[in-house]
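Novice: return a 3D structure for these sequence lines:
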Amino acid sequence: RGVKTGLLVTIPLVAVAVFLQNRWYIESAPPRRDEAPGLSEAFSGMHGSLRTLLFCDILARMGQTITKMYLVLYALNVVGIDSLHYGFLVAVQATASILVYIPVARLSDTRGRRPFVALTFLFFALFPALVAISRSFPMLLLAFLVAGLRESGEPSRKAMIVDLAAESARGSQVGLYYSIRGFVVMPGSIIGAFLWAISPSLPFVVGSLVAFMGLMVFLKRLL
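Specialist: The predicted model follows:
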């Protein structure tokens, strides 16, 4: 009953958001171009650093996708907390994200983007590892706080993507970046299901290792 109520509350909120955006968001028309680059041209024209960032991002997101669908199962069925406490954990994660997002975005403009991108990849690797060793609510609280801190480098990473994309094909390259990442990480939940069947903690261990590989590549190639 609670899930149904939550969904019914969500629908009008989304409708209000759509109305507000449609009513007040004004987008200037982009300059006319003779011909937009195709997918192959957009990929071949990508800066080498942008391809490396894409590879690191894929590893970080794959680690996240392997574990994402099993967080609530692990918290409720393995650690043994109830749904109310899990909702509190999600609220803590969201609050941490909100508190760090804008200040770190400002800092990245003055102190460089790459250290903050490395920091967000570090938190992507730490979060599932902390979940895997959690056996109590306080440990899960620490893990979800770290999950919220993953957003600390997101403004920097997104700005870095735009900075590295070619100005003449920026829209195509940014769109292709996210499309490739989305398709590659899509099987992550299925991988997580096979790992969960072996051991409930295994998806989080593997997810952490995969994300940690992304961090290592970033530190070696881009920092």
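
Novice: find the nearest non-adjacent residue to Ser136, please.
Specialist: Val79 (6.9 Å; C-beta to C-beta, 6 or more residues apart in numbering). All C-beta spots, glycine's among them, are computed from the backbone N, C-alpha and C.

Novice: alpha carbons of the worst-scoring helix or strand of the chain on mean pLDDT, as PDB, please.
Specialist: The weakest-scoring helix or strand in the chain, judged by mean pLDDT, DSSP states H and E, is helix 39-44 (a mean of 83). Output of helix 39-44 as PDB, limited to C-alpha atoms (Å, rounded to 0.1, in the frame of the first residue of the first chain):
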ATOM      1  CA  LEU A  39      28.300   8.100 -35.100                       C
ATOM      2  CA  SER A  40      31.600   6.700 -36.600                       C
ATOM      3  CA  GLU A  41      32.900  10.200 -37.300                       C
ATOM      4  CA  ALA A  42      31.900  11.400 -33.800                       C
ATOM      5  CA  PHE A  43      33.700   8.400 -32.200                       C
ATOM      6  CA  SER A  44      36.800   8.700 -34.300                       C
END
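
Novice: which parts of it are buried?
Specialist: Ala42, Phe43 (16 or more other C-beta atoms under 10 Å).

Novice: what's the first helix or strand after it?
Specialist: Once the chain leaves helix 39-44, the next helix or strand it forms, by DSSP states H and E, is helix 48-68.

Novice: off-centre distance for the helix or strand containing Phe194?
Specialist: Here Phe194, judged by DSSP H and E, is contained in helix 188-198. Put simply, helix 188-198 sits 19 Å off its chain's centre (C-alpha atoms, centre = their mean, to the nearest Å).

Novice: and that helix, what does it pack onto?
Specialist: Judged by 3 or more C-beta pairs under 8 Å, 6 or more residues apart in numbering; DSSP states H and E, helix 188-198 is in contact with helix 48-68, helix 202-221.

Novice: now the angle from that helix to helix 202-221?
Specialist: Here helix 188-198 runs at an angle of 130 degrees relative to helix 202-221 (axes from the mean of the first three to the mean of the last three C-alpha atoms, to 10 degrees).
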